[in-house]
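Q: here is the input, now give the coordinates:
(2 chains)
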Amino acid sequence: MVRDHAGRLAAALVRLTGDFATAEDLVQDAVEAALVHWPAEGIPERPDAWLFTVARRRGLDHLKRQARYRSKLALVQWPVGPEPDDRLRLLFTCCHPALPRTGQIALTLRAVCGLTTAQIARAFLVPESTVGQRITRAKRKISDAGIAYRMPDPDDLGQRLAEVLAVIYLLFNEGYLTTAGDRSHDRDLADDAEFLAALLHRLMPGEPEVAGLLALIRLHQARAAARFDGQGRIVQIQDQDRRLWDHAAIEQAGALIARAARHRRPGPYQLQAAIVACHAEAKRWEETDWPQILVLYTMLVRLHPTPITRLHRAVAVRYADGPEAALAELDQLGDALDGYHLYHATRAEVLRATGRPDAARAADERALALAANPAEIDLLRQRLQWN
Amino acid sequence: MKYVLMFADTEQFAADLAAMDDAERERAYGRVRQWFADHADKITGHTYLMPPDTATTVRLDQGEPLVTDGPFVEGKEVVSGFAEIDVADLDEALRLARAWPGCPVVEIRPIAGA
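A: Numbers count the residues shown, from 1 in each chain, chains lettered A, B, ... in the order given. Model prediction:
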């Protein structure tokens, strides 16, 4: 809820005052104040008005010297009626390609989602000062390099939207399975990614790739409860208890994908969502529609001929065409993916399926040596022990 | 807002240009001239530099001033020229840079104190 109001307030203040950096700082102050006062005093009846009042008061107190900004702020009233949702402009600005990825992420989380610098730091397991620097640099770049606070022109919209989706996707992946540190599952970032995707979908209903990403995230969230056991260990999809899946959410995500498909503009997020939907709609692992999944992966590889996409396709080949065929695919990826633990883990499984336990063991050991996530390390260790 | 667009040649681009016959090269220069014409209202100045082997570098942090042959950047990408532009914001500058038909690297830097 803070997230919703903070984002709206940031967007509104930037629009009303024309100063991105200062408006964002004031909202941040208001959010921090809310996090202190609301748990103690209860959530106010009009939380948006409360945040606005705090932000405005701070602005008037602290900006004594900047007369122009101050007078604008003094005139601003928090509107009582419905406001146009300005967060789209905010989101596109925070995700401008001229900003470094780390800056895009930190700024989006703060300005659009209302996270504090401390919360962002904890989510990414970096020092607070690092996040602070990233945000300061990003804001300075926006002002010094002349990044305008406006929606991109229609000609640029495709590329700019791709950048926004990439940021949201990264956030979701980071939240889904953090790659650093002790925590193997951080759900808040995945939540924020879903929030952003849903917001974007609401404000851009005609963009099928946005719907695709939203469906993809919701399909993963719908099965999150089954992904880890009581001890925080990974449960692989073939072993998951499908009764723990949110089947209503899965069905809704499927409907979202179908509606998006009517636009007849396929893209990587729609395809990935369709693949995950195939998995999620199977009643049992044994009933997974692998030929359909393989068709979708083949299309995805055509759009995104990256080694990792081809790796995922190789898994589909294994189940649709058999492990020998999959091994042939995997061997082609050796050079590109030698440093990637999941490449070796996948190869190990396939080698085992073709009856080569020694080679499989060697591949598992290589995977273990490269893995960084504690839950994955655990899983790989177990595999080595059992095989 | 005022920016400088710095154009940089890569080794590959320089090689490709040298390998062209005169007619092809003339067409390539023609495309560049067209770019300057198309965006004349936004371009406030431009400079085309002689090739990198005509450059001389002076280093002043080595005790005595050190004079060497060649550009200061010892890399495969060398500045070949620059244009000053005056546009509304970075997105407009990016649009100009994306349309550039010449060398494959363009840096956009705001002009200080402008």
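Q: how close does the residue nearest to residue A:43 when sequence neighbours are not counted get to chain B?
A: Of all residues not flanking residue A:43 in the chain, residue A:1 sits nearest, at 7.7 Å (C-beta to C-beta, 6 or more residues apart in numbering or on different chains). Any C-beta I mention is one placed from the backbone N, CA and C, and that applies to glycine too. Shown here: residue A:1 relative to chain B, a distance of 33 Å by C-beta to the nearest C-beta, to the nearest Å.
Q: isn't residue A:1 right next to residue A:47, touching?
A: Yes: if you go by C-beta atoms under 8 Å, residue A:1 and residue A:47 touch, sitting 6.8 Å apart.
Q: between these two, who's got more neighbours?
A: Comparing residue A:1 with residue A:47 by neighbour count (other C-beta atoms under 10 Å in any protein chain shown), the higher total belongs to residue A:47, at 17 against 11.
Q: so for that one, what's the pLDDT?
A: Note for residue A:47: predicted pLDDT of 87.
Q: contacting residues around it?
A: A:1, A:2, A:5, A:34, A:38 (C-beta atoms under 8 Å, 6 or more residues apart in numbering or on different chains).
Q: quick check: the closest residue to the second one other than its chain neighbours vs residue A:219, distance?
A: Using C-beta to C-beta, 6+ apart and skipping residues adjacent in sequence, the residue nearest residue A:2 is residue A:114, 5.1 Å away. For residue A:114, the distance to residue A:219 under the criterion C-beta to C-beta, to the nearest Å works out to 26 Å.
Q: what does residue A:130 show for phi and psi?
A: Per-residue torsions, residue A:130: phi -60, psi -50 (degrees, to the nearest 10).
Q: need the residues of chain B near chain A, please.
A: B:1, B:3, B:88, B:89, B:90, B:91, B:93, B:94, B:95, B:108, B:110 (C-beta under 8 Å from any C-beta of the partner chain).
Q: any idea how many residues pack against residue A:379?
A: So residue A:379, with other C-beta under 10 Å, has 18 neighbours.
Q: and what of residue A:355?
A: Using other C-beta under 10 Å, residue A:355 is surrounded by 9 other residues.
Q: same check, this time on residue A:191
A: Residue A:191 has 17 neighbours, counted by other C-beta under 10 Å.
Q: that one contacts residue A:172, correct?
A: No: Residue A:191 is beyond contact range of residue A:172, at 9.4 Å (criterion: C-beta under 8 Å).
Q: intersection of neighbour lists for these two?
A: With C-beta under 8 Å, 6+ apart as the test, residue A:191 and residue A:172 reach no residue in common.
Q: got the end-to-end distance for stretch B:33-52?
A: One end of stretch B:33-52 sits 21 Å from the other (C-alpha to C-alpha, to the nearest Å).
Q: picking up where we left off before, residues in contact with the residue nearest to residue A:2?
A: A:2, A:3, A:4, A:5, A:6, A:7, A:10, A:27, A:31.
Q: contact partners of stretch A:143-153?
A: Contacts of stretch A:143-153 (C-beta under 8 Å, 6+ apart): A:14-15, A:18, A:20-21, A:88-90, A:92-93, A:96, A:98-99, A:141, A:157, A:160, B:1, B:3, B:88-91, B:93, B:95, B:108, B:110.
Q: so residue A:219: helix, strand or coil?
A: At residue A:219 the chain is in helix, as set by DSSP: H, G, I helix; E, B strand; the rest coil.
Q: ok, it - contacts?
A: Counting by C-beta under 8 Å, 6+ apart, the residues that residue A:219 touches are A:249, A:250, A:253, A:273, A:276, A:277, A:280.
Q: can you pull the residues of chain A lying near chain B?
A: So chain A meets chain B at A:96, A:98, A:144, A:145, A:146, A:147, A:148, A:150, A:152, A:153, A:155, A:156 (C-beta under 8 Å from any C-beta).
Q: one more time with 6 Å
A: A:145, A:146, A:147, A:148 (C-beta under 6 Å from any C-beta of the partner chain).
Q: from residue A:91, how far out is the first one?
A: It refers to residue A:145. According to C-beta to C-beta, residue A:145 and residue A:91 sit 19 Å apart.
Q: those two: who's more crowded?
A: residue A:91 (24 against 18).
Q: ok, now how distant is that one from residue A:106?
A: Counting by C-beta to C-beta - residue A:91 and residue A:106 are separated by 14 Å.
Q: now swap in residue A:54 and tell me
A: Residue A:54 is 22 Å from residue A:106, by C-beta to C-beta.
Q: got it, and residue A:59?
A: Relative to residue A:106, and taking C-beta to C-beta, residue A:59 is found at 22 Å.
Q: comparing the two, which residue is more hemmed in?
A: Each of residue A:59 and residue A:106 has its neighbours counted (other C-beta under 10 Å); residue A:106 has more, 28 against 25.
Q: in chain B, which helix has the most residues?
A: The residue-count maximum for a helix in chain B (DSSP state H) belongs to helix B:22-38.
Q: which is the succeeding secondary structure element to it?
A: Next helix or strand after helix B:22-38 toward the C-terminus (DSSP states H and E): strand B:43-48.
Q: ok, and what's touching that following strand?
A: With C-beta atoms under 6 Å, 6 or more residues apart in numbering or on different chains as the test, strand B:43-48 has contacts from B:81, B:82, B:83, B:84, B:85, B:86.
Q: name every strand pairing with it and say which way it goes.
A: Strand B:43-48 sits in its sheet next to strand B:77-86 (antiparallel), going by DSSP bridges.
Q: so where's the chain uncertain?
A: By default, I'm working from chain A. Along chain A, the model assigns pLDDT under 70 to residues A:62-84, A:176-187.
Q: sorry, should have said chain B
A: B:114.
Q: now residue A:170: how far from residue A:40?
A: Using C-beta to C-beta, we find residue A:170 at a distance of 35 Å from residue A:40.
Q: now do the same contact list for residue A:274.
A: Contact analysis of residue A:274 by C-beta under 6 Å, 6+ apart lists A:257, A:296.
Q: give me the element it is part of.
A: Counting by DSSP H and E, the element that carries residue A:274 is helix A:268-281.
Q: ok, then the element right after that helix?
A: Downstream of helix A:268-281, the next assigned helix or strand under DSSP H and E is helix A:290-303.
Q: tilt between that following helix and helix A:268-281?
A: 170 degrees (axes from the mean of the first three to the mean of the last three C-alpha atoms, to 10 degrees).
Q: list the buried ones in helix A:290-303?
A: For helix A:290-303, the neighbour count (16 or more other C-beta atoms under 10 Å in any protein chain shown) marks A:290, A:293, A:294, A:295, A:296, A:297, A:299, A:300 as buried.
Q: only the buried subset of the contacts of residue A:47, as a ChimeraX command please.
A: Those of the contacts of residue A:47 that count as buried under 16+ other C-beta under 10 Å are selected in ChimeraX with:
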select /A:2,5,34
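Q: and the contacts of residue A:47 as JSON lines, adding secondary structure?
A: Shown next, in JSON lines, are those (three-state DSSP):
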{"residue": "A:1", "secondary structure": "coil"}
{"residue": "A:2", "secondary structure": "helix"}
{"residue": "A:5", "secondary structure": "helix"}
{"residue": "A:34", "secondary structure": "helix"}
{"residue": "A:38", "secondary structure": "helix"}
